[in-house]
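Peer 1: One predicted model, sequence on top.
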2 protein chains.
Amino acid sequence: MSSKGSSKSKAFQAPRGTRDFYPREMALRRHVETCWRDASINWGFQEIEGPTFEHLDLYTVKSGPGIVSELFSFERSGGDTSYAMRPEFTPTLARMAVARGNALPVPTKWFSIPCLFRAERPQRGRLREHVQWNVDILGLSDADTDAELISVAVAALDRLGLDPSMVQVKYSHRDVVARLLTDLGVTSEHLSAAFDLLDRRDKLPADAFMEKATALGLDDAAVDRFDKLAHARTKAGEDPSTLADVPAEDLDHLLELDKALKHHDIAEWCHVDLGIVRGLAYYTGTVFEIHETSGAERAIAGGGRYDHLVELFGGPSTPACGFGMGDVVLSLVLQDRGLIDPDTLGPRPDVFVVCADDAARDHIVPTVARMRHAGLHARRSYKSTRNVGKLLKEAGQHDARIAIILGGELQEGIVSVKDLGSGDQQQVQLTELETAVHQLLMAP
Amino acid sequence: MSSKGSSKSKAFQAPRGTRDFYPREMALRRHVETCWRDASINWGFQEIEGPTFEHLDLYTVKSGPGIVSELFSFERSGGDTSYAMRPEFTPTLARMAVARGNALPVPTKWFSIPCLFRAERPQRGRLREHVQWNVDILGLSDADTDAELISVAVAALDRLGLDPSMVQVKYSHRDVVARLLTDLGVTSEHLSAAFDLLDRRDKLPADAFMEKATALGLDDAAVDRFDKLAHARTKAGEDPSTLADVPAEDLDHLLELDKALKHHDIAEWCHVDLGIVRGLAYYTGTVFEIHETSGAERAIAGGGRYDHLVELFGGPSTPACGFGMGDVVLSLVLQDRGLIDPDTLGPRPDVFVVCADDAARDHIVPTVARMRHAGLHARRSYKSTRNVGKLLKEAGQHDARIAIILGGELQEGIVSVKDLGSGDQQQVQLTELETAVHQLLMAP
């Protein structure tokens, strides 16, 4: 009754830009996800999830038809319906919010940890499938709300072992920047292009930047000040009023946000950077990115306020802000900083059962079963050796806390229990095994 | 700087056969996943994950080209590479095992909780996207291994509140059944068809069953006994030797498995059912399905031994067994049994901060932040009312354990802390708030 085994003996591989998570890699992924989830829950957010694929047109609404070439899309049912694997979660969130209509609580605080997909060419830090933490607050529009959103992002990074010397939230406010640009002489028809230029300030050579700034209709003095604005930033935790060359009366939104960040006790994680605009036109107020502070300056997260999002998907006018944080760059930063050792992240067995005497062999499975039914993480040796030294070495390789040794004394109803941390070993009645193990596990 | 708001005000919907998980539905999903994961870990399994989509031909190897019409598939890079959203996890597992080659430990005990996809028409209990718990043991071939696999499935169902009166593992062994069929007079060329017939025994009318049994070359007496075999089953926990009309000497594999199930202390959850064969030809030994016992008899899980799987994907000959358990039918069973109340499954706040006096308003955020930074799940009222009755009602709606009331006495550095379970309320120094809250939370 065997299967044919008509094996094309061809080695299959994972698709390019995707990952296989063996236990070691998975332990790291779960560690990151657990920090994300625990921070979300303690900050009062509720978890949601949507389909892994959506109707294709859900994505063109926000991003235009240009997005289609970046999607994995497919058709069903004679081609009248097109679907796409989700490239981002925000459209799903907006769809779900719109579907709830007036039943949506104020505020609605949601988070999600979806897999996302993009069809572009894979490169370091950008894969075709990745995991992204999404956090959103709908229904509130004040600076405290923006700060609460930033605060939960910081809380997760804190749990992961990062600190303000390693990562910084760079924030700005599009209304403040728009006003400063207008004061410089940028007319409303050039405002969009000026934002684009700010967004690319670090990617352009200095002369190209100057040339494009001049093309915005600015004279030399204004170009000079534009360049200064583009690089204006405070130090971590510093007041926005210390920003050079910026009139204090224009900073209202940034001062409010700074006050709220202090209330949330995360000011030292944050600084103003007027060069942060977030490319997408749909951002409407506060914008922020989280970058590592080391040379590479890789972006770990990005988000801000987008008060027109829900309306765009057919819902009522609803203030909203949110961010996304992917797992790929974050994991690289954690590894580069030596903050994670995948070998110690996996679940650690409470007990490891070994058999030192063939006569005790039939007790292995019942003993393991008893430990598991008592709620413990129990493993066993599957090896046929009865050499205690080798078996205890295996228990150590599994990083077990306690070894249970089944030997000849089992005939008198006695087993040995060894604390693999202290090395202490004791004999206990088989009937008292759960009690003895629990006592050892509770000991400091 | 607002986005265009060029809103096609069209209401978007989730694709047919997929689900939106709002916080209530997500809490149920997380509850099921947590029971799956906790059981897996306590039973010594390690978690893995693979890509959500794979090369299309990974699926045709095991299932033949017929599978393609049941898949969501798509092409990239000028059509030379075809991909499919994964319909099952086993091919990914086999691919990952093969890639490890000789570095694969013996045994390898892996579990995974992937989203899976099928393009067929959605119906109750069968969706286009669902979540499935997959558990596999590679490298061992004895009955203890099969029993350990069944045992972890039972452990998760136990954690979910099910018991042997509600669900039963029906098991059989393909070698035993093959021998019984051969004894009946089924020739080797008819064996496959005989298995198919067994598999469909409950879907065929009695006369169609008899007719097809006759077509296997059986005389009337043999058809009669075939019918009896197809319905032969023990009662829960009963010895396989109690099976009617079956020669005891043919039952070796079932007796071994029964002994191992007893060692694992789950015999009462299991019974022999010779009608269980699992359609797929690739099963090679033990086969089992888990069904609810109520009238509907919906299948919750299925699996067994498939010793040729790894070889089929180009690896070395490797004994293996595994099962899959989906979330859709399981969730229906749990709900029908009244075993879950999604309203109480979500995370419960430790504290809920309210403000009873406008003068204390600026303390709301810092107080919430302190509680969160102390590792607590803290929420607050975002309402502008200062009516304590209304605010405490809101704390109750959030199912918080403790309310922290910021009022006029804050001027003397004092806040009120109310245990929402007992109703006890006390005043504490603001500086001692963490200590007071932790004491209340630790109290029995």
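Peer 2: Perfect, thanks for sending it. Numbers count the residues shown, from 1 in each chain, chains lettered A, B, ... in the order given.
Peer 1: got the contact list for residue A:258?
Peer 2: A:239-240, A:267, A:272 (C-beta atoms under 8 Å, 6 or more residues apart in numbering or on different chains). Where you see a C-beta, it was placed from the backbone N, CA and C, and this is true even at glycine.
Peer 1: Over in the stretch 101-250 of chain A, which residue gets nearest chain B? Let me know.
Peer 2: Per C-beta to the nearest C-beta, residue A:174 is where the stretch 101-250 of chain A lies closest to chain B, at 5.1 Å.
Peer 1: give me every residue that touches that residue.
Peer 2: A:195, A:277, A:283-287, A:304, B:1.
Peer 1: Quick one: the helices in the stretch 151-300 of chain A, in order.
Peer 2: For the stretch 151-300 of chain A, applying DSSP state H, counting those that start in this stretch gives helices covering A:174-184, A:191-199, A:206-215, A:220-230, A:252-263.
Peer 1: pLDDT below threshold where in the stretch 201-350 of chain A?
Peer 2: A:280 (pLDDT under 70).
Peer 1: List the residues that contact the residue nearest to residue A:323 when sequence neighbours are not counted.
Peer 2: Using C-beta to C-beta, 6 or more residues apart in numbering or on different chains and skipping residues adjacent in sequence, the residue nearest residue A:323 is residue A:303, 2.5 Å away. Residues counted as contacts of residue A:303 (C-beta under 8 Å, 6+ apart) are A:135, A:149, A:153, A:278, A:287-288, A:321-324.
Peer 1: on that earlier part again, CSV for the contacts of residue A:174, including neighbour count and distance to residue A:433?
Peer 2: As requested, the contacts of residue A:174 are arranged in CSV below (neighbours: other C-beta atoms under 10 Å in any protein chain shown; distance: C-beta to C-beta, whole Å):
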residue, neighbour count, distance to residue A:433
A:195, 21, 68
A:277, 26, 64
A:283, 26, 61
A:284, 22, 63
A:285, 21, 61
A:286, 28, 58
A:287, 26, 59
A:304, 26, 57
B:1, 16, 68
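Peer 1: Could you work out the most separated pair of these?
Peer 2: A:195 and A:286 (14.7 Å; C-beta to C-beta).
Peer 1: quick one on the thing from earlier: mind checking what secondary structure the residue nearest to residue A:323 has?
Peer 2: With DSSP: H, G, I helix; E, B strand; the rest coil as the basis, residue A:303 sits in strand.
Peer 1: got it, and residue A:403?
Peer 2: Going by three-state DSSP: residue A:403 is strand.
Peer 1: Verify the stated contact: it with residue A:351.
Peer 2: Yes: if you go by C-beta atoms under 8 Å, residue A:403 and residue A:351 touch, sitting 7.3 Å apart.
Peer 1: Can you get me a residue count around residue A:56?
Peer 2: If you count neighbours by other C-beta atoms under 10 Å in any protein chain shown, residue A:56 ends up with 17.
Peer 1: The one 3 residues further on now?
Peer 2: Neighbour count of residue A:59, defined by other C-beta under 10 Å: 23.
Peer 1: ok so it is a helix residue?
Peer 2: Yes: the assignment for residue A:59 is a helix, going by three-state DSSP.
Peer 1: quick one: it from residue A:70, how far?
Peer 2: Separation of residue A:59 from residue A:70 (C-beta to C-beta, to the nearest Å): 9 Å.
Peer 1: what is in contact with these two at once?
Peer 2: Common neighbours of residue A:59 and residue A:70 (C-beta under 8 Å, 6+ apart) are residue A:87.
Peer 1: What sits closest to residue A:241 if chain neighbours are left out?
Peer 2: residue A:248 (5.3 Å).
Peer 1: Equivalent analysis for residue A:416, please.
Peer 2: residue A:405 (4.1 Å).
Peer 1: For that neighbour, list each beta-bridge partner.
Peer 2: Beta-bridge partners for residue A:405, by DSSP bridges, are residue A:354, residue A:416.
Peer 1: OK, contacts around it?
Peer 2: Contacts of residue A:405 (C-beta under 8 Å, 6+ apart): A:354, A:356, A:388, A:391-392, A:415-418.
Peer 1: Let's see that with 6 Å instead.
Peer 2: A:354, A:356, A:416 (C-beta atoms under 6 Å, 6 or more residues apart in numbering or on different chains).
Peer 1: Highest neighbour count among the residues you listed?
Peer 2: Result: residue A:354 is most packed of the contacts of residue A:405 (other C-beta under 10 Å), 27 neighbours.
Peer 1: surely it meets residue A:380?
Peer 2: No: taking contacts as C-beta atoms under 6 Å, residue A:354 lies outside contact range of residue A:380: 7.2 Å.
Peer 1: Tell me the secondary structure at residue A:75.
Peer 2: strand.
Peer 1: related to what we said a few turns ago, rebuild the contacts of residue A:303 as CSV, extending it with distance to residue B:209.
Peer 2: Shown next, in CSV, are the contacts of residue A:303 (distance: C-beta to C-beta, whole Å):
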residue, distance to residue B:209
A:135, 57
A:149, 63
A:153, 62
A:278, 66
A:287, 69
A:288, 68
A:321, 63
A:322, 59
A:323, 61
A:324, 57
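Peer 1: any idea which strand is longest in chain A?
Peer 2: Identified as the longest strand of chain A according to DSSP state E is strand A:129-138.
Peer 1: circling back to that earlier point, burial check on the residue nearest to residue A:241, number of neighbours?
Peer 2: Residue A:248 has 11 nearby residues by other C-beta under 10 Å.
Peer 1: Same check on residue A:355?
Peer 2: As a measure of burial, residue A:355 has 25 neighbours, counting by other C-beta under 10 Å.
Peer 1: quick one: pLDDT of it?
Peer 2: Note on residue A:355: pLDDT of 98.
Peer 1: Enumerate the residues of the stretch 201-350 of chain A near chain B.
Peer 2: A:263-265, A:281-282, A:284, A:308, A:311-312, A:314, A:347 (C-beta under 6 Å from any C-beta of the partner chain).
Peer 1: ok, back up a step: for the contacts of residue A:405, which one is nearest residue B:122?
Peer 2: For the contacts of residue A:405, the nearest to residue B:122 is residue A:354 (49.5 Å; C-beta to C-beta).
Peer 1: so is the residue in the stretch 51-200 of chain A that chain B sits nearest to in a helix, a strand, or just coil?
Peer 2: At 3.5 Å from chain B, residue A:51 is the closest residue in the stretch 51-200 of chain A, using C-beta to the nearest C-beta. Following three-state DSSP, residue A:51 is assigned to coil.
Peer 1: Let me know how buried it is, in neighbour terms.
Peer 2: The burial count for residue A:51: 24, using other C-beta under 10 Å.
Peer 1: Could you do the one 10 residues further on as well?
Peer 2: Residue A:61 has 19 neighbours, counted by other C-beta under 10 Å.
Peer 1: Return the distance of it relative to residue B:188.
Peer 2: Applying C-beta to C-beta to residue A:61 and residue B:188 gives a distance of 61 Å.
Peer 1: what does residue A:333 give?
Peer 2: 61 Å.
Peer 1: Likewise for residue A:169?
Peer 2: Residue A:169 is 71 Å from residue B:188, by C-beta to C-beta.
Peer 1: With neighbour numbers in mind, choose between the two.
Peer 2: residue A:169 (27 against 10).
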